[in-house]
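In: Please find the sequence and the predicted model below.
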Amino acid sequence: EAGFVQAGVFLGALGSGSSNRVAFGRVRVSGEVHPRWVQKKRADGEQVLAYELAKDRRLGTSGPRASLDTSADPCVAPGLRAVYDEARDRLAAFLESRSPADHAAANQALEALLDRAPWLAPVSYHLGRLAEEGGELEEARARYDEAIDALPDFPEALTARAGLACQAGRWDDSRRDLDRALQLQPDSPRGRLLLARIHLHGRDPGSALREASLATELAPADPDIGVRAHMTRNLALGPAWARTSTCRTAHYRVRTDLPETRAREFAARLEAMRSVYARLVPLPGASDEPAEVLVFESAEGYHAFLDLSLGDRQEDTAGVFLPWFGYLLLYDDPDADRTLEVLHHEGFHQYLQSVLPGAPTWLDEGMAEYSAGTRIEGGRVVRTGLPLAGRLRNLRGALALGWEPIPWRELMTETRTEFYGDLAALRYAQAWSLVHFLESSPAGRARLARYLERLHAGDALEEALEAAFGDELEILERDWRRHVESLEIPE
């Protein structure tokens, strides 16, 4: 009755030499296996077979990154060409390494060149790309605007600005810039890829597949184009599931290879969590279009799909939000509590993208972790802000060993590259605890609300920080440490 007929036992022996032989006589297996675990492992086997049969959809080997040449390069005067090429080389180094040091070097070189020649549209464009890669979307948008003001018929900058509008859900703005860019440069692989993304949003898989294929034909060796085009293609085709259950609600479309009842459960969970997200981020502009969610029955199905699409199994994740596509992916872990934490966390990322794209990384991750500590019973939220045992243990352990927390001002102004760099786990823990501390009092919640309002109004990170916290950061940091010590670690 426990489902043992669905499980297999494999025996073997490890040795050296061709003459070794091992004979097994009577073998007895005893113990207990939870039926849910057996079910998941059986599903894993089915997914291995399904994705082996779908090898034609796997991301191929990429070549070197495409050139950073732009159609505006001829406007660079000969006397500035060597400096321009050196600055682009710095940008290329960062795109290859993703290191904070290379990011700073590229930014310094490009800024210095722009100071000498503020009319150079391609320099503003490259600064926009650098800012976008670092998660600074407002800065990127300002740089692309600057490039287009200097050179209105600049297809690469128009395409880049259209991509930011796409991520923010401003589809009309995105299409307007993209149409102009493709008129100027119809063979732009990035333009064709973005058009595929727009068709994916419009649920026109045929057109999405056609444009994604064209993008890879135009840039067959570019890894960035290849990854996004393959993911677009696989999202348009859908996972290789033997069966698909779909549940549509007011704000979500959940698809899964689990039974339909589970699809409804996940959708209902997300609808309940939406009230938590809206309270945490009380800003206008949340999209009313159903957000896309894919729930895999097994871990292997989830990891294989990511491997197929990204060339990376993402083994250290149980769920992921893909900002460029707007999709949330996760698997149904045998540990139901872990599944819900992942759902609540990644669901927050998906929600925040629609109201404050490019939010500071500490805020995005800190509030997502805070959301993970939510309890729902009977379809209603009954508790929020439950302490996360793992994060609290990590933070307290580090403090006990003499680790000095990152100053708030530094943490709150870090780029995405810096936040996900060294000591990322402690940054997650500190960001979560910071949000937890601010949410624990009316005054803290008021500060967070003011901070969000200023970011939404377009303030720079430092300006928003000053407007919300003023000169009280040091006092608040001391209170935060006491708050961390007062929390009880859940069993």
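Out: On my side now, so go ahead. Source: prediction; values computed, not measured. Numbering: from 1, shown residues only.
In: Buried residues of stretch 282-300, list them for me.
Out: 283, 286, 291-300 (16 or more other C-beta atoms under 10 Å). All C-beta atoms are positioned from the backbone trio N, CA, C, and that covers glycine.
In: start to end distance for that stretch?
Out: This stretch, stretch 282-300, spans 37 Å end to end (C-alpha to C-alpha, to the nearest Å).
In: ok, now how distant is Asp172 from Pro186?
Out: 21 Å (C-beta to C-beta, to the nearest Å).
In: ditto for Ser440
Out: Counting by C-beta to C-beta, the gap from Ser440 to Pro186 is 55 Å.
In: Neighbour count: these two, which is higher?
Out: Ser440 (16 against 11; other C-beta atoms under 10 Å).
In: could you list every residue that touches the more buried one?
Out: Neighbouring residues of Ser440 by C-beta atoms under 8 Å, 6 or more residues apart in numbering: 385, 483.
In: Mind pulling the model confidence for it?
Out: Reading off the confidence values, Ser440 has pLDDT 95.
In: cool, and Gly385?
Out: Confidence score, pLDDT, at Gly385: 92.
In: ok, back up a step: from the buried residues of stretch 282-300, which land in helices?
Out: Judged by DSSP state H, these include 299-300 as members of helices.
In: could I get the buried residues of stretch 282-300 as a markdown table with distance to Val342 and pLDDT?
Out: Shown next, in a markdown table, are the buried residues of stretch 282-300 (distance: C-beta to C-beta, whole Å; pLDDT from 0 to 100):
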| residue | distance to Val342 | pLDDT |
| --- | --- | --- |
| Leu283 | 24 | 93 |
| Ala286 | 21 | 83 |
| Ala291 | 16 | 95 |
| Glu292 | 16 | 96 |
| Val293 | 12 | 98 |
| Leu294 | 13 | 98 |
| Val295 | 10 | 97 |
| Phe296 | 12 | 96 |
| Glu297 | 15 | 93 |
| Ser298 | 14 | 91 |
| Ala299 | 11 | 91 |
| Glu300 | 16 | 89 |
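In: Show me which of the buried residues of stretch 282-300 is closest to Arg255.
Out: Closest approach to Arg255 among the buried residues of stretch 282-300 (C-beta to C-beta): Leu294, at 5.6 Å.
In: contacting residues around the closest one?
Out: Leu294 neighbours (C-beta under 8 Å, 6+ apart): 239, 255-256, 305, 327-330.
In: Out of the residues you listed, which sit inside strands?
Out: If you go by DSSP state E, those have 255-256, 327-330 in strands.
In: in the host helix or strand of Phe266, what's buried?
Out: Secondary structure assigned from DSSP states H and E places Phe266 in helix 260-280. Neighbour-count burial for helix 260-280 flags 262-263, 265-270, 272-274, 276-277, 280 (criterion: 16+ other C-beta under 10 Å).
In: I'd like the C-alpha coordinates of that helix written as PDB, please.
Out: The C-alpha atoms that make up helix 260-280 are tabulated as PDB, following Å, rounded to 0.1, in the frame of the first residue of the first chain:
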ATOM      1  CA  GLU A 260      -5.700  19.600 -11.600                       C
ATOM      2  CA  THR A 261      -6.500  19.900  -7.800                       C
ATOM      3  CA  ARG A 262      -2.900  20.800  -7.200                       C
ATOM      4  CA  ALA A 263      -2.900  23.400  -9.900                       C
ATOM      5  CA  ARG A 264      -5.900  25.000  -8.200                       C
ATOM      6  CA  GLU A 265      -4.100  24.800  -4.800                       C
ATOM      7  CA  PHE A 266      -1.000  26.600  -6.100                       C
ATOM      8  CA  ALA A 267      -3.100  29.300  -7.800                       C
ATOM      9  CA  ALA A 268      -5.200  29.900  -4.700                       C
ATOM     10  CA  ARG A 269      -2.000  30.200  -2.700                       C
ATOM     11  CA  LEU A 270      -0.600  32.800  -5.000                       C
ATOM     12  CA  GLU A 271      -3.900  34.800  -5.000                       C
ATOM     13  CA  ALA A 272      -3.800  34.800  -1.100                       C
ATOM     14  CA  MET A 273      -0.100  35.900  -1.100                       C
ATOM     15  CA  ARG A 274      -1.000  38.800  -3.500                       C
ATOM     16  CA  SER A 275      -2.500  40.600  -0.500                       C
ATOM     17  CA  VAL A 276       0.800  40.200   1.400                       C
ATOM     18  CA  TYR A 277       2.800  41.500  -1.600                       C
ATOM     19  CA  ALA A 278       0.500  44.500  -2.000                       C
ATOM     20  CA  ARG A 279       0.700  45.400   1.700                       C
ATOM     21  CA  LEU A 280       4.500  45.200   1.600                       C
END
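In: picking that back up, tabulate the contacts of Leu294 (CSV), appending neighbour count, pLDDT and distance to Asn107.
Out: As requested, the contacts of Leu294 are arranged in CSV below (neighbours: other C-beta atoms under 10 Å; pLDDT from 0 to 100; distance: C-beta to C-beta, whole Å):
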residue, neighbour count, pLDDT, distance to Asn107
Pro239, 23, 92, 39
Arg255, 19, 97, 41
Thr256, 27, 97, 43
Phe305, 28, 91, 35
Tyr327, 17, 95, 31
Leu328, 24, 97, 32
Leu329, 24, 97, 32
Leu330, 24, 97, 35
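In: Let me see the ranges of the strands in this protein.
Out: Using DSSP E, strands in the chain cover 245-248, 252-256, 291-296, 319-322, 327-331, 375-377, 380-383.
In: counting contacts, what elements does the last one pack onto?
Out: Going back to what we said before, that points to strand 380-383. Other elements packing on strand 380-383 under the criterion 3 or more C-beta pairs under 8 Å, 6 or more residues apart in numbering; DSSP states H and E are helix 260-280, strand 375-377.
In: Which neighbours in the sheet does the last one have, and how are they oriented?
Out: What it means is strand 375-377. strand 380-383 (antiparallel) (DSSP bridges).
In: How far does the strand it pairs with sit from its chain's centre?
Out: 26 Å (C-alpha atoms, centre = their mean, to the nearest Å).
In: Can you name the residues in contact with it?
Out: Contacts for strand 380-383 (C-beta under 8 Å, 6+ apart): 272-273, 275-276, 373-376.
In: do the same with stretch 481-491
Out: 386-387, 389, 392-393, 395-396, 399, 405, 433, 436-437, 440.
In: from the chain's centre, how far out does that stretch sit?
Out: Taking mean C-alpha positions (C-alpha atoms, centre = their mean), stretch 481-491 and its chain are 29 Å apart.
In: Can you show me the CA trace of that stretch as PDB?
Out: Only the C-alpha atoms of stretch 481-491 are listed here, as PDB (Å, rounded to 0.1, in the frame of the first residue of the first chain):
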ATOM      1  CA  ARG A 481      20.900  44.200  16.200                       C
ATOM      2  CA  ARG A 482      18.800  44.000  19.400                       C
ATOM      3  CA  HIS A 483      15.800  42.900  17.300                       C
ATOM      4  CA  VAL A 484      17.900  40.100  15.700                       C
ATOM      5  CA  GLU A 485      18.900  38.900  19.200                       C
ATOM      6  CA  SER A 486      15.300  39.000  20.400                       C
ATOM      7  CA  LEU A 487      13.900  36.700  17.700                       C
ATOM      8  CA  GLU A 488      13.300  33.000  18.500                       C
ATOM      9  CA  ILE A 489      14.600  30.400  16.100                       C
ATOM     10  CA  PRO A 490      11.800  28.100  15.000                       C
ATOM     11  CA  GLU A 491      12.000  24.400  15.700                       C
END
